[in-house]
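Q: What follows is a predicted structure for the sequence shown.
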Amino acid sequence: MEMNASYTSFVAIGDSFTEGMSDALPDGTYRGWADLLAGRLAAREPGFRYANLAVRGKLIGQIVDEQVDAAAAMRADVVTLVGGLNDALRPKVDMARVRDRLTEAVEKLAPSCKHLVLMRSPGRNGPVMERFRPRMEELFGVVEELAARHGALVVDLYGAPVLGDPRLWDVDRLHLTDEGHRRVAEAVWQRLGLPPAEDWQAELPPALVPGWTVRRREDMRFARQHLLPWIGRRLTGRSSGDGRAPKRPELLPYAPA
């Protein structure tokens, strides 16, 4: 990996993690790690171009069908692909099918760019994480195999204990906060061979553990506002991304949101 390299273009594809949830801006849109990374890359390279095709709720098959060909055609210096976790978190999933579609994506993207970046995604510490950990680790094994086969870079967010800290996760317990996204941007920045600005894996200060009553109140609010609507979408075959267009569909000179 060339150190302190220069990059002229970046395309990000995936789901809500790459769209930027839950790093909310004042107008209600989301920024996220990919936008933060693009801003830093643009500051180093005049005329830097950026596209973000990610849409919340997308499964790996939808990412392949709706985003991969468009991203490959852009011939960017850097392409990031993060997908498959929405599949792994479903009650029923065909992991062999996830492997096949992820393989298809990597086989199309790797020859189209200078650097393809894959990730071992983070997860919030807690019972949901423990339930789905075997599937997540199976997915990450596929990511590692594909990266080795196609010369892709891997950013290991899953292996960073700090990114499991609940304080870096939004109240929906599915998406990172602004601080979480900032750390992910720094992790990708460093994996691209650029000079570190900080230690993105630095632990947070010790936390004050809330009492039982507070924790149960938070659990009930989470269930009412986030878990039950999520279950409802799964049961009816709907997605939070239905009908939603990507926020930066064209590879254009970077401009802050």
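A: Structure's in. What do you need?

Q: going forward, measure contacts between C-alpha atoms and count neighbours the same way
A: Fine.

Q: And the strands in the stretch 1-150 of the chain, which stretches?
A: All strands of the stretch 1-150 of the chain, identified by DSSP state E, counting those that start in this stretch, fall at 9-14, 49-52, 78-82, 115-120.

Q: Tabulate the ones you listed in a markdown table, adding columns for distance to P253 and mean pLDDT.
A: Formatted as a markdown table, those follow (distance: least, CA to CA, whole Å; pLDDT from 0 to 100):
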| stretch | distance to P253 | mean pLDDT |
| --- | --- | --- |
| strand 9-14 | 9 | 98 |
| strand 49-52 | 4 | 98 |
| strand 78-82 | 15 | 98 |
| strand 115-120 | 19 | 98 |
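
Q: for those strands, which one ends up most surrounded?
A: Sort the strands of the stretch 1-150 of the chain by mean neighbour count, taking mean count of other CA atoms under 10 Å, and strand 9-14 sits at the top with a mean of 27.

Q: re earlier: will you turn the strands of the stretch 1-150 of the chain into TSV that also has distance to W33?
A: Below are the strands of the stretch 1-150 of the chain laid out as TSV (distance: least, CA to CA, whole Å):
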stretch	distance to W33
strand 9-14	10
strand 49-52	11
strand 78-82	11
strand 115-120	13
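
Q: what's the closest of those to G159?
A: With CA to CA as the measure, strand 115-120 is the member of these nearest G159 (7.8 Å).

Q: what does the closest one contact?
A: Applying CA atoms under 8 Å, 6 or more residues apart in numbering, the external contacts of strand 115-120 come out as 77-82, 109-110, 140, 143, 147, 151-159.

Q: Repeat the analysis, applying 6 Å as the threshold.
A: The contact list for strand 115-120 (CA atoms under 6 Å, 6 or more residues apart in numbering) reads 78-81, 110, 140, 152-158.

Q: Report the inter-axis angle for it versus strand 9-14.
A: Strand 115-120 and strand 9-14 meet at an angle of 30 degrees, taking axes from the mean of the first three to the mean of the last three CA atoms, to 10 degrees as the criterion.

Q: 41 is where my numbering starts, stick with that
A: Okay, using 41 as the starting number, the last item reads as strand 155-160.

Q: What strands line up against strand 155-160, and which way round?
A: strand 118-122 (parallel), strand 193-196 (parallel) (DSSP bridges).

Q: any chance of these in CSV, plus distance to K154?
A: Output for the strands paired with strand 155-160, formatted as CSV (distance: least, CA to CA, whole Å):
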stretch, distance to K154
strand 118-122, 6
strand 193-196, 11
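
Q: So for M61, which of these sits nearest?
A: Judged by CA to CA, the one of the strands paired with strand 155-160 that comes nearest to M61 is strand 118-122, at 13.7 Å.

Q: that older thread, pick out the most distant pair among the contacts of strand 155-160.
A: Among the contacts of strand 155-160, A150 and Y198 lie farthest apart (CA to CA), at 22.5 Å.

Q: Which of the contacts of strand 155-160 lies at the shortest distance from R89?
A: V118 (10.5 Å).

Q: Check the gap between that closest one and G204 for me.
A: Separation of V118 from G204 (CA to CA, to the nearest Å) stands at 27 Å.

Q: for S62, same thing?
A: The spacing between S62 and G204, counted by CA to CA, is 15 Å.

Q: just D105 next, same as before
A: 31 Å.

Q: Show me where the protein has its helices.
A: Shown for the chain, the helices assigned by DSSP state H span residues 56-59, 73-84, 100-103, 109-113, 125-128, 135-149, 167-190, 218-231, 252-262, 268-276.

Q: How about V95, nearest residue that isn't a chain neighbour?
A: With CA to CA, 6 or more residues apart in numbering as the criterion, V95 has its nearest non-adjacent residue at 4.8 Å, and that residue is D55.
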